[in-house]
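> Any chance you could fold what I've pasted below:
(chains A and B)
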Amino acid sequence: MKLPPRSFRIFWDVHAWVGIIAALFLYVMFLTGAFALFYQELNAWAELSETHAARPQHAEGLPRLQPLFEQLVAEHDGIGKTRIAITREGESMVHAYVAHGDDFREFRYDPERERLEPPRSELGTFLYSLHYLGPIPNGVYLAGVASMALFLALVTGFLVYLKDILRQWLQFRPERVARTWSSDLHKVLGLFGLPFQLYYAWTGAVLCLAWVLVEPTFAAAVFGGDERAHSLAARGTEPEPPAATGRLRHQLPDLDRTVAHAQREVPGLEPTWIGVEHVGDEASSIGIYGKIPGVAFGTGFVRFQASDGKLLAKVAPSDATTLQTFEAWFFGLHYARFGGYGVRILYAWLALTTCAVILTGNLIWLERRDRLRIRLGNRILERITVGIGAGTPLAIAAMFAANRCLPHDMADRAGVEKAIFGIALVLGILLPWLARRAHPRALAYELGAATILFGYVLVLDLTSRPATVLGNPIHRGVAIGLVVLAALCGCTATQLLRRPSGAAARP
Amino acid sequence: MAEETVKRHEPQHSVARTVAALVGTFPLALGAGVALTSILPISLNERLLLGTYSVFPIWVAAACWAFLAPSGRRAWLDLFAAFAVLTLLAFIGLAIRSGMGTGP
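This next block holds a predicted model:
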């Protein structure tokens, strides 16, 4: 199918402009998305605890919840807090957090001391938050807008290439000039990854924006502003836990008994999140969310009144609404809640190839529109593309290296790691501005530095704790990941240095 | 030569049409979602599913359509006309269900 010339030109421009505006936000989102798929494992690896390594927590079963809950209440003035939650995601990682207003404190379970401790590193969590641009103020909305831009760019790009899609799909001419090889790579990887990218554009937009734009509109237009009626019609449950009354009872629920109660209400439930709302308040409630093995994307949720254990809400796969079943699949596919590590590795690979699609898109813009970089805007775009494109992996590598080099008992170790990420990113962005022209060599040098850092972390781990790296599945997996990352950065850097340029290349 | 390349690719879009396509189409997509939720002859839960989750795909389709409008003025006029039709459909659907006493 061939578009009329006017439509082709319009869609071409829309694809290029929308892509160029959203490209670097999307690049960061997809790159860190590859890490976000393994954020629990990265958190466990980054804790550096020999006990985490030597004895995975699931080896001796999950710890009892009540002592951990009582520890948080006693040590962090828990009575009156908005929420205390314990998560057991990933089967082997127990975390907890205490939230009150803007104050949010996270803890990790130390199996050696059998208690919750402040995290020594937030490497995994930080990279996960970057996936939705969390560290930027209102970043989640920006991520939503970027997802919408991706959606539009993908559809217009598909329409533009529809006329000879099969040829474009399989044509890659690496010996040609930058304009040709980048265009080939953009189309080959873009078309192969199109279903993945379309799905993430759609689910990303829904995750970041639906709750603030779509759901309130539907509640207002269809239910006359009654959000509770909307929630009951959509998901069959009360939207929010009961509000605090302000009258404190100072009586704590027994979480282990409550979990057992939840498992009787929803057979097969494996709780992954146990949250106590308005701790100690007479209206305090306990929400328990979990997965149900054996049911595709099966999840369940139960809410009890904390004071007397009265059942307030229950959602099980057997009585889930059509919308809830759809959402379990819709979000389950986004979060790779199926297929185990195989699917997560495939997703990560697709995310990295999408990064290549995005960066080659910027290169096509520059080479087609302004090969000599006559315009100031294009010179700036080239430098920012090189800076973010190579600076982000460099910053991630620097954060990994910082995690292994900083003193184990350093105060605010997690904060220092994040600061090092920030400094490395700023340096990575500034480097291309030092040369008269942001040559691909700048990109290659930064990726080369990232290769060295990833390799350094791997060598450090293998030499300082070989038994841990070889014996613990999480550490072994991260070691393989480091090899892949170092190889990817190194190969890309080498290829960039070998690229033909100017007259040496075939047109 | 390079200057020529730059000029040849100069975009020919009007600001009004671009704003209509990128921004004006979102209320239209929301209106389409609400209209679907109001008029489809299926259960409320299924209508909510289709209405809620079709908003972003409808937005993309509407944006592509608006970009093809001959002018910014025409794009906005078409958007307003489509929005009016969808609002009317949603209103009729909700009024009929309300009249039947079945709620939304």
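> report the longest helix in the chain, please.
By default, I'm working from chain A. As assigned by DSSP state H, the longest helix anywhere in chain A is helix A:5-36.
> try again with chain B
Max-length helix for chain B by DSSP H is helix B:72-99.
> Would you mind measuring from A:E227 to A:A296?
With the distance defined as Cβ to Cβ, to the nearest Å, A:E227 ends up 30 Å from A:A296. Every C-beta, even on glycine, is put in place using the N, C-alpha and C of the backbone.
> more neighbours, those two?
A:E227 (15 against 12; other Cβ atoms under 10 Å in any protein chain shown).
> and that one, how far is that from A:V140?
Distance from A:E227 to A:V140, by Cβ to Cβ: 20 Å.
> One more: A:D102?
A:D102 sits 16 Å away from A:V140, going by Cβ to Cβ.
> Neighbour count: those two, which is higher?
A:V140 (17 against 5).
> residues contacting that one?
Applying Cβ atoms under 8 Å, 6 or more residues apart in numbering or on different chains, we find A:V140 in contact with A:Y132, A:L133, A:G134, A:C208.
> Report the buried residues of stretch A:183-192.
A:S183, A:D184, A:L185, A:H186, A:K187, A:V188, A:L189, A:G190, A:L191 (16 or more other Cβ atoms under 10 Å in any protein chain shown).
> Where does pLDDT dip in chain B?
In the predicted model of chain B, residues B:1-13, B:101-103 satisfy pLDDT under 70.
> all strands of chain A, in order?
With DSSP state E, the ranges of strands along chain A come out as A:83-87, A:95-100, A:103-110, A:115-117, A:270-277, A:285-291, A:299-305, A:311-315.
> what's the angle from the third one to strand A:95-100?
Just to be clear, that refers to strand A:103-110. Angle, strand A:103-110 to strand A:95-100, by axes from the mean of the first three to the mean of the last three Cα atoms, to 10 degrees: 160 degrees.
> Direction included, what does strand A:103-110 pair against?
Each strand paired with strand A:103-110, and its direction, by DSSP bridges: strand A:95-100 (antiparallel), strand A:115-117 (antiparallel).
> Mean pLDDT for those - can I get that in JSON lines?
Shown next, in JSON lines, are the strands paired with strand A:103-110 (pLDDT from 0 to 100):
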{"stretch": "strand A:95-100", "mean pLDDT": "91"}
{"stretch": "strand A:115-117", "mean pLDDT": "90"}
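> okay if I get these as JSON lines plus mean neighbour count?
Below are these laid out as JSON lines (neighbours: other Cβ atoms under 10 Å in any protein chain shown):
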{"stretch": "strand A:95-100", "mean neighbour count": "19"}
{"stretch": "strand A:115-117", "mean neighbour count": "18"}
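> Can I get the ones you listed in JSON lines including distance to A:F326?
Listed next are the strands paired with strand A:103-110 as JSON lines, based on distance: least, Cβ to Cβ, whole Å:
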{"stretch": "strand A:95-100", "distance to A:F326": "29"}
{"stretch": "strand A:115-117", "distance to A:F326": "36"}
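> which of the buried residues of stretch A:183-192 lies closest to chain B?
A:S183 (13.9 Å; Cβ to the nearest Cβ).
> Can you give me the neighbour number for the closest residue to A:Y27 other than its chain neighbours?
Once flanking residues are discounted, A:Y27 sits nearest to A:I358: 4.6 Å by Cβ to Cβ, 6 or more residues apart in numbering or on different chains. By the criterion of other Cβ under 10 Å, A:I358 has 29 neighbours.
> And for the one 5 residues further on?
In terms of burial, A:L363 registers 21 neighbours under the definition other Cβ under 10 Å.
> now the residue found closest to it once you drop the neighbours it is linked to in the chain: how far from A:T353?
Among residues not flanking A:L363 along the chain, A:S182 sits closest, at 4.2 Å (Cβ to Cβ, 6+ apart). Distance of A:S182 to A:T353, computed by Cβ to Cβ: 14 Å.
> which one of these two has more residues nearby?
Per other Cβ under 10 Å, whichever of A:S182 and A:T353 has more neighbours is A:S182, with 23 against 20.
> Was I right to think that one contacts A:I364?
Yes - between A:S182 and A:I364 there is a contact under Cβ atoms under 8 Å: 5.4 Å.
> Flag every residue of the stretch 51-200 of chain A that's near chain B.
The stretch 51-200 of chain A comes close to chain B at residues A:M148, A:F151, A:L152, A:V155, A:T156, A:L159, as judged by Cβ under 8 Å from any Cβ of the partner chain.
> what sits against the second one?
So the one you mean is A:F151. Contacts of A:F151 by Cβ under 8 Å, 6+ apart are A:L198, A:A201, A:W202, A:A205, B:F56, B:P57, B:W59, B:V60.
> What of B:L36?
B:L36 neighbours (Cβ under 8 Å, 6+ apart): B:R47, B:L50, B:G51, B:S54.
> Just give the closest residue to the second one, not the sequence neighbours.
Leaving out its chain neighbours, the residue that sits closest to B:L50 by Cβ to Cβ, 6+ apart is B:L36, at 5.4 Å.
> again with the last one
Of all residues not flanking B:S54 in the chain, B:G33 sits nearest, at 5.6 Å (Cβ to Cβ, 6+ apart).
> before we move on, the earlier item: for the contacts of A:F151, which ChimeraX command selects only the ones that are buried?
Selecting only the buried entries of the contacts of A:F151 in ChimeraX, with 16+ other Cβ under 10 Å as the criterion:
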select /A:198,201,202,205 /B:56,57,59,60
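> farthest-separated two in the contacts of A:F151?
Greatest spacing in the contacts of A:F151, by Cβ to Cβ: A:L198 and B:W59 (13.8 Å).
> What segments of chain B are helices?
Under DSSP H, chain B gives helices at B:2-8, B:15-19, B:25-39, B:44-53, B:55-67, B:72-99.
> Can you pull out the residues in contact with the second one?
Okay, so that is helix B:15-19. So helix B:15-19 is contacted by B:A66, B:F67, B:A69, B:S71, B:G72, B:R73, B:A75, B:W76 (Cβ under 8 Å, 6+ apart).
> Tell me the one of those residues nearest A:R371?
B:F67 (27.0 Å).
> show me the contacts for that closest one.
A:I10, A:F11, A:V14, B:H13, B:R17, B:T18, B:A21.
> Might you report the residue contacts of the last one?
With contacts taken as Cβ under 8 Å, 6+ apart, B:A21 has the following neighbours: A:V14, B:A62, B:A63, B:C64, B:A66, B:F67, B:A69, B:A75.
> neighbours of the last one, just the number please.
Look at B:A75: counted by other Cβ under 10 Å, it has 24 neighbours.
> Likewise for the first one?
The local packing of A:V14 (other Cβ under 10 Å) involves 26 other residues.
> For it, list the residues it contacts.
A:L152, A:A153, A:T156, B:A21, B:C64, B:F67.
> residues near the closest residue to the fourth one other than its chain neighbours, how many?
In space, not counting the residues next to it along the chain, B:A21 is nearest to B:A66; the distance is 3.7 Å by Cβ to Cβ, 6+ apart. Close neighbours of B:A66, defined as other Cβ under 10 Å, add up to 25.
> can you tell me how far B:A66 sits from chain A?
For B:A66, the distance to chain A (Cβ to the nearest Cβ, to the nearest Å) stands at 10 Å.
> Do I have it right that that residue meets B:A20?
Yes - B:A66 lies in contact with B:A20 (Cβ under 8 Å); the separation is 5.1 Å.
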